[in-house]
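**Student:** Structure, please.
(one chain, ligands or ions: 2)
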Amino acid sequence: MKKIKSGVYGLNRLMDGGINQNTITAVIGSSGAGKTTFATYFLKRGLEQGEDAIFITLDEEPKQIIKEVIQMGWDNIEDYIDDGAMVFVDAGGKQFSDFIKNELSGFVEDWKGYNARIVIDPLTPVLWSVTHRYEQRDIVSFLLRETRKIGTVICTLEEHSVMGDLSGQDLIIPMYLADNVVHLRYKSHESPEHRDMKIIKCRSSRHSSFWHPYKIVKGSGLIIQEASLAEDTPRQVVDLSAKLEKALTLIPASKKKNLSPSILRSITRTVDMLSMEDIGVLDPDYIIMQILVEYDLIDK
Ligand SMILES: Nc1ncnc2c1ncn2[C@@H]1O[C@H](COP(=O)(O)OP(=O)(O)OP(=O)(O)O)[C@@H](O)[C@H]1O
Ligand SMILES: [Mg+2]
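**Tutor:** Ligands and ions are numbered 1, 2, ... in the order given. I've put the predicted structure just below:
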């Protein structure tokens, strides 16, 4: 299976190189865990390399999402929308089950042959749009089967149960149907800035089975740390831009073709927005390395 880079720094190596193309990934987490951020940076990454992006929103209006995305540091999102490479499907408010039954197939037909990344954020209300469990399974299964025909899908699931408990009724069906499941959580309610994530499943790939700390950072989205490299206290201040510059000189000749001017601009902007305060306990060298891994500029 072909792997695509997830757009989430530090995630690819935990999933054996990235997300398998044309699969479904469920991202589970309680409110504020970072699901939408995860999903938007997944789309951003595809757009940067010429793929298309479809954002199916059930909760927030596209206008609001775009506003929040810009605040989170993805400041040229509107260029992609104007170009037509990124589209929003505002499925909030309407009978979502009707949309799936009556309009989805036509939508998929229109997008046939495209190489898209698709986000369904959040998927949870789709389950609520029908009454019976067998209908829930049918509708979610149909939605996921159809959307994967046109690309690689991320759907987000709201976690309403006790923190860390994945046996909730709303989670079982989509978790079962998804190829990959990622769980984002707060380590504790007392310190919401401490978050960690775990890969619950990843079909046809070796994957990490540990909890890994992550941060949500303006300009970068989620940054996931290798668990064994985590420290308890914030790091000493270092010059991140200088670190990037040095790292860029070490890119092997065979990878240099991947450093197009637009990718270089994107990486430089990301690192410019990073502050030591943002990265906290994460390892700056590791972060720089994961940014280069994401853009296939180094192997590990
Ligand atoms: N500009 C920013 N810089 C750094 N972190 C931010 C910024 N904006 C938002 N965040 C963090 O991201 C979190 C929200 O992430 P996100 O919207 O992705 O969560 P979510 O899981 O989708 O939540 P919900 O279930 O409510 O939709 C905020 O709680 C905040 O901690
Ligand atoms: Mg959200």
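**Student:** interface residues of the protein facing ligand 2?
**Tutor:** For the chain, the residues in contact with ligand 2 under the definition C-beta under 5 Å from the ion are 35-36. Using the backbone N, CA and C atoms, a C-beta is placed for each residue, glycine as well.
**Student:** would you list every one of the helices in the chain?
**Tutor:** Under the criterion DSSP state H, helices of the chain are mapped to 35-48, 62-71, 77-83, 96-98, 104-110, 124-128, 133-148, 169-177, 240-249, 261-273, 276-279, 284-294.
**Student:** what's the most buried one of the ones you listed?
**Tutor:** Each of those was scored by mean neighbour count; the highest is helix 35-48, a mean of 24, by mean count of other C-beta atoms under 10 Å.
**Student:** From the rest of the structure, what touches that helix?
**Tutor:** The contact list for helix 35-48, computed with C-beta atoms under 8 Å, 6 or more residues apart in numbering, reads 4-8, 27-29, 52-53, 55, 65, 68-69, 72, 74, 77, 80, 85-86, 116-117, 119, 121-122, 152, 154, 156-158, 182, 184, 216, 220-222, 262-263, 266, 294.
**Student:** Please convert the helices of the chain to CSV, extending it with mean pLDDT.
**Tutor:** What follows is these, written out as CSV (pLDDT from 0 to 100):
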stretch, mean pLDDT
helix 35-48, 97
helix 62-71, 97
helix 77-83, 98
helix 96-98, 82
helix 104-110, 92
helix 124-128, 91
helix 133-148, 95
helix 169-177, 93
helix 240-249, 96
helix 261-273, 95
helix 276-279, 88
helix 284-294, 95
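**Student:** From the contacts of helix 35-48, list just the buried residues.
**Tutor:** The neighbour-count test (16 or more other C-beta atoms under 10 Å) applied to those identifies 4-8, 27-29, 52-53, 55, 65, 69, 72, 74, 77, 80, 85-86, 116-117, 119, 121-122, 152, 154, 156-158, 182, 184, 216, 220-222, 263, 266, 294 as buried.
**Student:** Tell me which of the helices of the chain lies nearest to ligand 1.
**Tutor:** Nearest to ligand 1 among these is helix 35-48; the distance by C-beta to the nearest ligand atom comes to 3.3 Å.
**Student:** what angle sits between the closest one and helix 284-294?
**Tutor:** 50 degrees (axes from the mean of the first three to the mean of the last three C-alpha atoms, to 10 degrees).
**Student:** Export helix 35-48 to CSV, keeping only CA atoms.
**Tutor:** Included here for helix 35-48 are C-alpha records, laid out as CSV according to Å, rounded to 0.1, in the frame of the first residue of the first chain:
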residue,chain,number,x,y,z
LYS,A,35,-9.1,16.8,16.3
THR,A,36,-9.9,19.7,14.0
THR,A,37,-6.4,20.9,14.0
PHE,A,38,-5.1,17.4,13.2
ALA,A,39,-7.6,17.2,10.3
THR,A,40,-6.8,20.6,8.8
TYR,A,41,-3.1,20.1,8.8
PHE,A,42,-3.7,16.7,7.1
LEU,A,43,-5.5,18.6,4.3
LYS,A,44,-2.8,21.4,4.2
ARG,A,45,-0.1,18.8,3.6
GLY,A,46,-1.9,17.3,0.7
LEU,A,47,-2.6,20.7,-0.9
GLU,A,48,1.1,21.6,-0.6
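**Student:** what angle do that helix and helix 261-273 make?
**Tutor:** Using the same axes, to 10 degrees: helix 35-48 against helix 261-273 is 150 degrees.
**Student:** So what angle separates the directions of helix 35-48 and helix 62-71?
**Tutor:** Going by the same axes, to 10 degrees, helix 35-48 makes 80 degrees with helix 62-71.
**Student:** Quick check: Y134 vs ligand 2, distance?
**Tutor:** The span separating Y134 from ligand 2 equals 28 Å under the rule C-beta to the ion, to the nearest Å.
**Student:** okay, the helices of the chain in TSV with distance to R203 next?
**Tutor:** TSV is the format used below for the helices of the chain (distance: least, C-beta to C-beta, whole Å):
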stretch	distance to R203
helix 35-48	18
helix 62-71	29
helix 77-83	30
helix 96-98	27
helix 104-110	22
helix 124-128	21
helix 133-148	12
helix 169-177	11
helix 240-249	33
helix 261-273	29
helix 276-279	32
helix 284-294	22
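**Student:** Map the structural domains onto the sequence of the chain.
**Tutor:** Following automatic domain parsing, the chain resolves into domains at 3-227, 231-300.
**Student:** now do the same end-to-end measure for the last one.
**Tutor:** Using C-alpha to C-alpha, to the nearest Å, the gap from the first to the last residue of domain 231-300 comes to 21 Å.
**Student:** The first one now?
**Tutor:** End-to-end span of domain 3-227 (C-alpha to C-alpha): 23 Å.
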